[in-house]
Structure formats: C-alpha cells, structure tokens
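Enquirer: would you be able to build a 3D model of this:
(chains A and B)
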Amino acid sequence: AQKITQTQPGMFVQEKEAVTLDCTYDTSDPSYGLFWYKQPSSGEMIFLIYQGSYDQQNATEGRYSLNFQKARKSANLVISASQLGDSAMYFCAMREGWQGAQKLVFGQGTRLTINP
Amino acid sequence: GAVVSQHPSWVICKSGTSVKIECRSLDFQATTMFWYRQFPKQSLMLMATSNEGSKATYEQGVEKDKFLINHASLTLSTLTVTSAHPEDSSFYICSAGGGTGSTNEKLFFGSGTQLSVL
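Expert: Numbering: from 1, shown residues only, chains lettered A, B, ... in the order given. Below you'll find the model as predicted:
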C-alpha cells in the first residue's frame, strides 16, 4: 500500500500566486514526521519544512507553510507569493518513529512550474 | 543547518568496473546514513540503511553483493557499485540522520551522484 501519495504530477502557477501541493499519508504509528523537499534540476534535495505528528501548530518556514490535517492524514505544502525560482520537483516524505535516524518514504513527487 | 557532502557529483565508467561514492556529514555525527536511488522522473527509493560500526540493512530487492556499503566512522559512509552495468546507471543520493537537537528531526541530503555506465 502506498504510504505517501502525491496526486498532482504537475502544477502550473502564475508568478506571485500562492500554490498548494497535496500530500496524503498512511501510517498506524502514532509517532511520525512529515517532510517536504525541493529538488531542482541539479538533483540536490533541499529541505523545506518539517511537521511532527505531535506538533500542535502547523509548521512554517518563510514562504513555506504546511497545512497539517491529522484526522484526514494530509500534509499539504503551501508556497506563498511564488517565484520563478520555485520551479522544481517537490517531494513529500514520511518518517515513521520519533527518531531522526529513521528512513524516509517518499511520494511520487509534483513538478511545479512557475510562469512569468 | 547540517551539511552532508557527497562525492563525486557525477561519474562515467565502463561496464564491469567498480565505482565508489562517498557521503560525509560535515558538522554532526551521523550514526545512521541512508542510500537512495532515483531513476529519471521517478521518486527516491531507499536502497539501504548504513549503521556506523555494523552491517548495512538492505531493502528488499537490492543486491547486497552488488551495492557494498561501509560506514566505518560517524562521519563517513561509502557506497560501492561493484561490476557496474548500464542498468545501474542512475542518480544515487545519501542522507544522514542521528544528530542531536534540531538536526535529529531533519534528515539532510547530499548533492547526489549521477552514475552513467557505458
């Protein structure tokens, strides 16, 4: 069974608009962590934001925020005021367990294209 | 933030040769490192978990004799692709975890290695 699902293979957004990238997950572990990474064409994986399963508030990092809806098992990434440099692949990932050393399971990814 | 260094960035080799990829945690001790593989336009798939001072744990379907992993210190893990063949051509990327404080929650990735086997 797919543990992380990203249903949007591609997204096209006008510059300066906000964009939401969807991510749903499946786990029976009460302790887990959710991550979003950006992968530009160079291939590096850039950490964007992290949400722990016990965190009461939605995580925010600059223009990035995570809309964490625990009951619906969704962890959507919201990018405000999109920029041309935001064009890249975006991956949602989950870590089961509370320790940082646990492995990540990735979703299929969403290719985001920002149009000028 | 924590930094993970991966070398080389790209490598081209002849079929049958072995290739070693290094992954280093530069400013924290990584008790565990992970090796992923990514085919073009696909997601990252975990190959193995590298534990300092012990044998690596391989995911189902990954040949341990082909992909040798060594984690001899708290800052270095290596992946050796032995007797590489064209089907081994892929993007290989490592991540490191097990730091203290804030780095314990965030897994940081190396810049990846593009392997092309001719």
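
Enquirer: what parts of chain A come near chain B?
Expert: Residues of chain A lying close to chain B by C-beta under 8 Å from any C-beta of the partner chain are A:33, A:35, A:37, A:42-45, A:47, A:50, A:52, A:91, A:95, A:99-109. For the C-beta atoms, the positions are set from N, CA and C on the backbone; glycine is no exception.

Enquirer: now the residues you listed: which count as buried?
Expert: By neighbour count, with 16 or more other C-beta atoms under 10 Å in any protein chain shown, those hold A:33, A:35, A:37, A:43-45, A:47, A:50, A:91, A:95, A:100-109 as buried.

Enquirer: just these: which are in helices?
Expert: Of these, none are assigned to helices by DSSP state H.

Enquirer: just to revisit the earlier point, in strands, which of the residues of chain A next to chain B appear?
Expert: Of the positions in the residues of chain A next to chain B, A:33, A:35, A:37, A:47, A:50, A:52, A:91, A:95, A:104-106 sit in strands, assigned by DSSP state E.

Enquirer: in CSV: those residues, plus pLDDT and distance to A:Ala81.
Expert: CSV is the format used below for those (pLDDT from 0 to 100; distance: C-beta to C-beta, whole Å):
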residue, pLDDT, distance to A:Ala81
A:Gly33, 90, 27
A:Phe35, 93, 22
A:Tyr37, 95, 20
A:Phe47, 89, 20
A:Tyr50, 92, 21
A:Gly52, 90, 26
A:Phe91, 97, 22
A:Arg95, 88, 29
A:Leu104, 89, 28
A:Val105, 92, 30
A:Phe106, 95, 26
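
Enquirer: between the residues you listed, which is closest to A:Phe12?
Expert: Of all these, A:Phe12 sits closest to A:Phe91, with 18.3 Å by C-beta to C-beta.

Enquirer: dump the residue contacts of the closest one.
Expert: By C-beta atoms under 8 Å, 6 or more residues apart in numbering or on different chains, A:Phe91 lies in contact with A:6, A:36-39, A:45, A:106-107, A:109, B:43-44.

Enquirer: mind telling me the two of those residues farthest from one another?
Expert: Maximum pairwise distance in these, criterion C-beta to C-beta, is 15.1 Å, between A:Gln6 and A:Met45.
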